[in-house]
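Chemist: This is the structure alone, sequence omitted:
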């Protein structure tokens, strides 16, 4: 299909690139409704999206810090890998601010620049002090061919600049081969060896600390933390809930792991002020402590859609029309290092599946007597019967659906062992630590 032009803007319908919602704020940039320009066929799975082609990429900023290419025209704030789509422009004296915190600047640099700085720092200090040693020997006449026989040099076995460079290298790193040494003839040489020794210790400490800090950065720990590609909305105990999954690849777990989230969207205040990036917290159980996770196995994080939830008035149709971003932040302490790490991701409305639940991953293996996690099903979802109305409308239709107490619904009974049968579902882990969920009605009936 040929692209159509309008108001100097180019809209392409080529598949396989970046699509934006029809009601996205990019309409303002295009000078009209994106849906009125062109629309994909009805059979197209991307029927609610149009594509805006752009070749503009980020040019980065000072000191080699580069931000991801701005090819995602849906204006995502946080990418799936946790990187933030935010750039800082027109900062006064930005280089001075970066140099004021030189250690953090060096740590944040890419590895290629860090290694270049590492090599150049040592090489320049060797050359600088080699030049100073050569000047000391030159001014004292150590390099003159017609020097008297009783002439005592400032440095033994230093005859020219190459030998002065070797002497500088041996002095800074205390190699001490035994062929070259400072004599007591020149007080300036004694002071110079003190200065180089102190400088060498400082340079080595700074460079070693920089490399160690880059290797042990807690940011890399987030690479082994997994978020499900999609979030889901379905009924859980009669209440609409938003859910997504978190997994940890490592056997060393996060300590005091907790999750928090916020919804970022455009909002207009009563006074008419436009807030393009207004954020509202999403409660994942901060009040009762359910936001704290034990990620021994992949866990499903649940947000109960109640009156305080930003999804309270949102139905399935509203979700398809909304324009927001749900940002998820997972924080915890690394067990092996004791440092705090943070992992981020985000979900757009098109990545939240209404009427689906996440498939179970953990099964109990009778042969080995262990619980097994099948990560091949980590992204899988299962369609379930879910009303299309909002949580507010559902609560109005069933006012007593969420008021039943925990005692009426479930009682947790401690079991000495998990009983399993020949069915596949009974082998799946429902509640950890050997507890099973039993309905109160089953106890009343004597089951």
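Modeler: Cool, got the structure. Everything numeric in this text was worked out from a predicted model, so none of it was measured.

Chemist: Show the pLDDT at residue 101.
Modeler: If you check residue 101, the pLDDT there is 85.

Chemist: And the pLDDT for residue 403?
Modeler: 45.

Chemist: Could you pull out the strands in the stretch 201-350 of the chain for me?
Modeler: Using DSSP state E, counting those that start in this stretch, the strands of the stretch 201-350 of the chain run over 225-227, 231-236, 239-248, 254-268, 274-282, 292-293, 299-304, 324-334, 340-347.

Chemist: Nearest to residue 181, out of the ones you listed?
Modeler: strand 324-334 (47.5 Å; C-beta to C-beta). (C-beta placed from N, C-alpha, C; glycine too.)

Chemist: helices and strands around the closest one, which ones?
Modeler: strand 225-227, strand 254-268, strand 340-347 (3 or more C-beta pairs under 8 Å, 6 or more residues apart in numbering; DSSP states H and E).

Chemist: Out of those strands, flag the one nearest residue 215.
Modeler: strand 340-347 (14.4 Å).

Chemist: tell me the mean pLDDT over that closest one?
Modeler: Mean predicted confidence for strand 340-347 is 92.

Chemist: before we move on, what about stretch 265-283?
Modeler: On average, stretch 265-283 scores 91.

Chemist: quick one: terminal-to-terminal distance for it?
Modeler: 17 Å (C-alpha to C-alpha, to the nearest Å).

Chemist: what's the answer for stretch 379-397, then?
Modeler: End residues of stretch 379-397 are separated by 33 Å (C-alpha to C-alpha).

Chemist: quick one: low-confidence ranges for this structure?
Modeler: 1-74, 400-447 (pLDDT under 70).

Chemist: If we use 80, what do you get?
Modeler: 1-75, 147, 149, 176, 178, 219-220, 398-447 (pLDDT under 80).

Chemist: what residues go with each domain of it?
Modeler: 4-91, 111-215, 224-399, 404-447 (automatic domain parsing).

Chemist: Any chance of those domains in JSON lines with distance to residue 104 as columns?
Modeler: Formatted as JSON lines, these follow (distance: least, C-beta to C-beta, whole Å):
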{"stretch": "domain 4-91", "distance to residue 104": "11"}
{"stretch": "domain 111-215", "distance to residue 104": "9"}
{"stretch": "domain 224-399", "distance to residue 104": "15"}
{"stretch": "domain 404-447", "distance to residue 104": "40"}
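
Chemist: Out of those, which gets nearest to residue 98?
Modeler: Among the domains of the chain, the nearest to residue 98 by C-beta to C-beta is domain 4-91 (5.8 Å).

Chemist: show me the residues around the most centrally placed residue in the chain that make contact.
Modeler: Here the mean C-alpha position of the chain is nearest to the C-alpha of residue 82 (C-alpha atoms, centre = their mean), at a distance of 3.5 Å. Applying C-beta atoms under 8 Å, 6 or more residues apart in numbering, we find residue 82 in contact with 222, 343-345.

Chemist: Against residue 146, how distant is the closest residue in space to residue 142 that isn't next to it in sequence?
Modeler: Leaving out its chain neighbours, the residue that sits closest to residue 142 by C-beta to C-beta, 6 or more residues apart in numbering is residue 153, at 4.1 Å. Between residue 153 and residue 146 the computed distance is 14 Å (C-beta to C-beta, to the nearest Å).

Chemist: Neighbour count: the two, which is higher?
Modeler: residue 153 (20 against 6; other C-beta atoms under 10 Å).
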